[in-house]
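Visitor: give me a model of this one.
(4 chains)
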There are 2 protein chains.
Amino acid sequence: MKRHVLIFGLVGGLLIATLQYTEYRFAIIEHSFELYSALVAVLFSAFGIWLGLRITRNREIIRETVVVREVLVPAEAPALEPFAPNTAHQQNLGITARELEILNLIARGFSNREIATQLFVSENTVKTHCARAFDKLGAARRTQAVQRGKELGLLP
Amino acid sequence: MKRHVLIFGLVGGLLIATLQYTEYRFAIIEHSFELYSALVAVLFSAFGIWLGLRITRNREIIRETVVVREVLVPAEAPALEPFAPNTAHQQNLGITARELEILNLIARGFSNREIATQLFVSENTVKTHCARAFDKLGAARRTQAVQRGKELGLLP
DNA sequence: GCTGTCGTCATCCTTTCGGATGATTTTACA
DNA sequence: TGTAAAATCATCCGAAAGGATGACGACAGC
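Guide: Numbering: from 1, shown residues only, chains lettered A, B, ... in the order given. Coordinates of the predicted model:
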């Protein structure tokens, strides 16, 4: 880590030295274009690094070992409900029942072929449903579709 | 590490060479100096930020705090907690922090390429992490990996 | 009868994923 | 300082997924 900074400093110094050298060769030409460019470059390099450091300052991943001691209280109810999808969202997105059914199977990790087998239809059909569902959800991938589906309460 | 310096040197050198070369071609155009300064500034800013990000990339603090948290299970409060992954399952499956990080991004619907961009690594690296994570989770697809991850409390 | 929606299936083509494997670099730790 | 684990990157190849498009039958509603 410190080495990075050191080497960076060295390179920076070298760069400046080079620039200073080249300045003499172009000093005649109106105010040495390179000098200014280099100055700007170095300054903004420093700025960029400072910014980069600032940005990532809060990027520390604090990993706590959490020992969760669960105290069970008898009231357990959510396990029983069979999950009711948000039909409002389903309706105004125009997602059909079949498409939702397939989305469910996607969310459960099945491939198109497996889904086709389970539903007794061809893989092409599954792909068509997928494409339509993805389009309606604005998703480009099945993982994205699942994510959107859960957000909208369409999937458990 | 050496690559950083190399790249820095190359970029710097190239930039200077370009400047020296193009100076003659654009010296006539008025305001070219400001344009150039801006260009250099932007380029080096970007580079500096990139370097800053790279340097501080793995700032991970493993704070081995053992928090004994008594949880009343059915009490419905999930909105506030920032989600702590089930480290027990993670450990005995041998899933690394990086792999979990990538699993998270997969669950959020990103493609490998998008993940690579976000994490400043190559797509190949992402794929490697994926493959390992899938293997450890016994998943064949990313959707399946996500499903398993949620089951095991590794993903929110 | 006509129309619109839905479900079904297909083909062609491109992109993305995933598996297998090997290598190098970084980091952590004894 | 040496070693083991993680992380990084690459290449090859096959499988899966996705986009675009066209088609056909069933069925409901007008």
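
Visitor: only C-alpha atoms for contact and neighbour calcs from this point on.
Guide: Fine.

Visitor: can you pull the contacts of A:Asn104?
Guide: A:Leu155 (C-alpha atoms under 8 Å, 6 or more residues apart in numbering or on different chains).

Visitor: whoops, A:Ala97 was the one
Guide: Applying C-alpha under 8 Å, 6+ apart, no residues contact A:Ala97.

Visitor: how much space is there between it and chain B?
Guide: Using C-alpha to the nearest C-alpha, to the nearest Å, A:Ala97 is found at 21 Å from chain B.

Visitor: get me the contact residues on chain A for DNA strand D.
Guide: A:110-113, A:127-128, A:130-131, A:134-135, A:139-143 (C-alpha under 7 Å from any atom of the strand).

Visitor: buried ones among these?
Guide: A:110-112, A:127, A:130-131, A:134, A:139, A:142-143 (16 or more other C-alpha atoms under 10 Å in any protein chain shown).

Visitor: now distance to A:Phe83 and secondary structure too, for these, in CSV please.
Guide: Listed next are these as CSV, based on distance: C-alpha to C-alpha, whole Å; DSSP: H, G, I helix; E, B strand; the rest coil:
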residue, distance to A:Phe83, secondary structure
A:Phe110, 20, coil
A:Ser111, 23, coil
A:Asn112, 24, helix
A:Lys127, 25, helix
A:Cys130, 22, helix
A:Ala131, 25, helix
A:Phe134, 22, helix
A:Ala139, 23, coil
A:Arg142, 21, helix
A:Thr143, 20, helix
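
Visitor: mind putting those into TSV with pLDDT and distance to B:Val121?
Guide: Below are these laid out as TSV (pLDDT from 0 to 100; distance: C-alpha to C-alpha, whole Å):
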residue	pLDDT	distance to B:Val121
A:Phe110	96	29
A:Ser111	96	28
A:Asn112	95	30
A:Lys127	95	32
A:Cys130	96	30
A:Ala131	93	30
A:Phe134	96	28
A:Ala139	94	24
A:Arg142	95	23
A:Thr143	97	21
